[in-house]
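Engineer: Give the three-dimensional model of this entry:
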Amino acid sequence: MTAMAEPTDLAIQLYTVRRSLADDVDGTLGELARIGFRQVEAFDLRTFGAALAEALPRHGLTAPSTHADLLADRDGAFEGAAQIGASLVVQPWTDPGRWQWLDGIRSIADALNASARAAADRGLRIAYHNHHFELASRIDGRHALEVFADLLDPAVSLEVDAYWALAGGADVVELVRGLGERVVALHLKDGDGSLDTSHQVAAGDGFVPVRDVVSAAPGALRIVELDDTAGDLWVAIERSRTFLLAGEAGVA
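Structural biologist: Have a look, this model is predicted:
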């Protein structure tokens, strides 16, 4: 599998700045560009797609990936991705109850396998993004996400959220290493590993072994993301970027 990005490439998931984005798309993207980002991961294309398509190039930004609900509206997800120039469409969420039993997991895998075939016809790829429940659930002693990966067509990739994997009880480094080249993107935030999103902090300021996770998936796109934080969000964004770039440069 071809790596999505060079080691120094970083993106930011726009959900992180959703409140600012809702008020001012152009100004928010301008601030992200000022900080130094050149790539973003989009979300909610129904709301933001047209504005992003217009504003991203104005600020020297691209969107290699986007979150979109493939299972609810596959054609809409593909059209939205094309609108902003994204090549990877990521399923961001599924019903946690479906991860408690093998048939439920299999049904999600089957649906995404079918979506991957349809995506290929449009020159797109697809992936799945985890939360904590895909790791907290175990099937025959294995994390449900690992069982799921075995059921996926090789054309379906994974975007591993390191924080949520830790919150679900996984050894994140071993998880990522075991999933191998199927991991094409990483969501990188930090915190105490709880389900309280206000406890999330900048990468490097919590308990997630961020640099070891990055080393376990050297070809994956690194994506800064925070669902929430009790501190200053923009400071956390800048700290995350600085920490990740320092790690890539070999700075302790």
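Engineer: hey, where'd the strands end up in this structure?
Structural biologist: 10-13, 39-42, 62-67, 88-91, 125-129, 138-139, 142-143, 156-161, 183-188, 221-224 (DSSP state E).
Engineer: Kindly reformat those strands as TSV containing distance to G27.
Structural biologist: Quick note: C-beta positions are derived from backbone N, CA and C, even for glycine. Putting the strands of the chain into TSV (distance: least, CB to CB, whole Å) gives the following:
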stretch	distance to G27
strand 10-13	15
strand 39-42	14
strand 62-67	17
strand 88-91	26
strand 125-129	27
strand 138-139	45
strand 142-143	41
strand 156-161	27
strand 183-188	24
strand 221-224	19
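Engineer: In terms of secondary structure, what does the helix ranked longest in the chain contact?
Structural biologist: Looking across the chain with DSSP state H, the single longest helix is helix 102-121. In terms of contacts (3 or more CB pairs under 8 Å, 6 or more residues apart in numbering; DSSP states H and E), helix 102-121 is packed against helix 74-84, strand 88-91, strand 125-129, helix 144-151, strand 156-161.
Engineer: May I see those organised as CSV, with mean pLDDT added?
Structural biologist: Output for the helices and strands packed on helix 102-121, formatted as CSV (pLDDT from 0 to 100):
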stretch, mean pLDDT
helix 74-84, 98
strand 88-91, 98
strand 125-129, 98
helix 144-151, 98
strand 156-161, 98
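Engineer: Mind checking those for the one nearest to S240?
Structural biologist: Closest of the helices and strands packed on helix 102-121 to S240 is strand 156-161, at 13.8 Å (criterion: CB to CB).
Engineer: now that closest one and helix 144-151, what's the angle there?
Structural biologist: 160 degrees (axes from the mean of the first three to the mean of the last three CA atoms, to 10 degrees).
Engineer: 795 is where my numbering starts, stick with that
Structural biologist: Got it, first residue is 795 now, which makes that one strand 950-955.
Engineer: helices or strands up against strand 950-955?
Structural biologist: Counting by 3+ CB pairs under 8 Å, 6+ apart, the elements that strand 950-955 packs against turn out to be helix 896-915, strand 919-923, helix 966-973, strand 977-982.
Engineer: try 10 Å
Structural biologist: Counting contacts by 3 or more CB pairs under 10 Å, 6 or more residues apart in numbering; DSSP states H and E, strand 950-955 packs against strand 882-885, helix 896-915, strand 919-923, helix 927-930, helix 938-945, helix 966-973, strand 977-982, strand 1015-1018.
Engineer: residues of it that come out buried?
Structural biologist: 950-955 (16 or more other CB atoms under 10 Å).
Engineer: Reformat those into CSV and put distance to L1039 next to each item.
Structural biologist: Shown next, in CSV, are the buried residues of strand 950-955 (distance: CB to CB, whole Å):
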residue, distance to L1039
V950, 30
S951, 24
L952, 24
E953, 20
V954, 20
D955, 20
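Engineer: Go through those residues and say which is closest to D817.
Structural biologist: D955 (25.9 Å).
Engineer: separation between the closest one and F842?
Structural biologist: Plainly put, D955 is 21 Å away from F842 if you go by CB to CB, to the nearest Å.
Engineer: Identify the residue spatially nearest to the residue of the chain positioned farthest from its centre, adjacent ones excluded.
Structural biologist: Within the chain, the residue lying farthest from the chain centre (CA atoms, centre = their mean) is D934, at 27.0 Å. Among residues not flanking D934 along the chain, V941 sits closest, at 7.7 Å (CB to CB, 6 or more residues apart in numbering).
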